[in-house]
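Asker: Okay, sequence plus prediction incoming.
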Amino acid sequence: MSGHSKFANIKHKKEKNDAAKGKIFTVIGREIAVAVKEGGPDPNNNFKLATVIAKAKANNMPNDTIERGIKKAAGDVGNVNYEYVTYEGYGPNGIAIIVDALTDNKNRTAANVKSAFTKGQGNVGTPGCVSFMFDKKGQIIIDKEECDKEPDDLMMMALDAGAEDFSEEEDSYEVLTDPDSFEEVRKALEEGGIPMMSAEVTMIPQNYVELTDESAVKSLQKTLDLLEEDDDVQAVYHNWDE
């Protein structure tokens with residue numbers, strides 16, 4: 001896979017302005033609320049919450065903010081009405097796009113997602129129309145500059161913990177896991193003092209598609225920007241080779 005572009009994308013997102021950081025924290029805050037509602041406030045007994053906390057830490061969310069979110073959610077369980085919904089569709093030149101949202105108003109979210117696709121010369125499709133082109137995997141990205149461990153030692157640590165694959169890119173390492181093994185591998189790396197740029201269960205394209213037409217690139221970028229600006233949207237996956 002194009003690990004380098006994934007890494008660059010993550011780094012770019014992390015270096016965006018405070019408004020973008022606020023969006024990420026809003027997204028994670030909702031995920032914390034839903035995870036607590038479904039499995040309780042103890043991450044040791046709530047895999048979903050532990051995974052969200054890992055994502056929060058990878059995005060530099062302060063520990064006290066995480067703890068406040070858990071406490072608030074625990075005391076407000078009856079008022080958490082968010083539900084997960086997924087949309088699939090196509091951007092210019094058949095680029096496959098999956099949108100994960102967490103919303104308290106599905107009509108509003110559906111309208112916003114459809115508008116984002118339409119404005120970028122794409123269209124929303126039926127459930128399952130593009131998801132077969134992706135694999136659900138646990139993915140951990142490690143910045144080489146922040147990691148002082150030798151690649152072979154890091155690879156053995158990850159594989160011993162249950163990782164499926166380890167790859168080295170120009171500026172990063174990528175660890176892939178089965179979704180069920182993700183938390184175990186992430187925890188092993190954390191306990192080993194490995195700094196993680198990103199740690200989450202994600203959808204990874206089986207193949208990437210290049211766009212050479214400048215107008216198609218602009219249209220796709222418009223859709224992606226509109227989706228990322230929407231507070232209901234939790235994650236956007238695509239197979240565009242940036």
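Answerer: Nice, thanks for sending it over. For clarity, every value in this text was computed on a predicted model and none was experimentally measured. Numbering: from 1, shown residues only.

Asker: contacts and neighbour counts: CA atoms only from here.
Answerer: Noted.

Asker: Packing partners of the helix or strand containing T65?
Answerer: Following DSSP states H and E, one finds T65 within helix 63-74. Contact here means 3 or more C-alpha pairs under 8 Å, 6 or more residues apart in numbering; DSSP states H and E; on that basis helix 63-74 packs against helix 18-39, helix 47-58.

Asker: With only the CA atoms kept, save it in CSV.
Answerer: Extracted C-alpha coordinates of helix 63-74, given in CSV (Å, rounded to 0.1, in the frame of the first residue of the first chain):
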residue,chain,number,x,y,z
ASN,A,63,-5.5,13.1,29.4
ASP,A,64,-7.7,15.4,31.5
THR,A,65,-9.9,16.1,28.5
ILE,A,66,-10.3,12.3,27.9
GLU,A,67,-11.1,11.7,31.5
ARG,A,68,-13.6,14.5,31.6
GLY,A,69,-15.3,13.1,28.5
ILE,A,70,-15.6,9.7,30.1
LYS,A,71,-17.0,11.1,33.3
LYS,A,72,-19.5,13.3,31.5
ALA,A,73,-20.6,10.4,29.3
ALA,A,74,-20.9,8.1,32.3
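
Asker: So for that helix, mean pLDDT?
Answerer: The average of the pLDDT scores along helix 63-74 is 91.

Asker: Counting neighbours, which bits of that helix end up buried?
Answerer: For helix 63-74, a neighbour-count test (16 or more other C-alpha atoms under 10 Å) marks 66, 69-70, 73-74 as buried.

Asker: and what of stretch 202-218?
Answerer: So stretch 202-218, judged by 16+ other C-alpha under 10 Å, has buried residues 202-205, 208, 211, 216-217.

Asker: How about stretch 72-81?
Answerer: When burial is assessed from 16+ other C-alpha under 10 Å, stretch 72-81 yields the following buried residues: 73-74.

Asker: Compute the first-to-last residue distance for it.
Answerer: Criterion C-alpha to C-alpha, to the nearest Å; first-to-last residue distance in stretch 72-81 is 14 Å.

Asker: just stretch 152-171 next, same as before
Answerer: For stretch 152-171, the end-to-end distance is 16 Å (C-alpha to C-alpha).

Asker: tell me the mean pLDDT over it?
Answerer: Stretch 152-171 carries an average pLDDT of 94.

Asker: ok so, going back, nearest to A163, of the buried residues of helix 63-74?
Answerer: When the buried residues of helix 63-74 are ranked by distance to A163 (C-alpha to C-alpha), I66 comes first, at 26.8 Å.

Asker: circling back: kindly reformat the buried residues of stretch 202-218 as CSV containing distance to L159 and pLDDT.
Answerer: Below are those laid out as CSV (distance: C-alpha to C-alpha, whole Å; pLDDT from 0 to 100):
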residue, distance to L159, pLDDT
T202, 19, 92
M203, 20, 94
I204, 19, 93
P205, 22, 94
Y208, 26, 93
L211, 35, 91
A216, 40, 94
V217, 37, 94
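
Asker: Please list the members of those residues that lie in helices.
Answerer: In this view, the buried residues of stretch 202-218 that belong to helices under DSSP state H are 216-217.

Asker: Inside strands: which ones of the buried residues of stretch 202-218?
Answerer: Here DSSP state E is the test, and the buried residues of stretch 202-218 give 202-205 as lying in strands.

Asker: Adding distance to Y87 as columns, could you present those in TSV?
Answerer: Below are these laid out as TSV (distance: C-alpha to C-alpha, whole Å):
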residue	distance to Y87
T202	15
M203	13
I204	16
P205	16
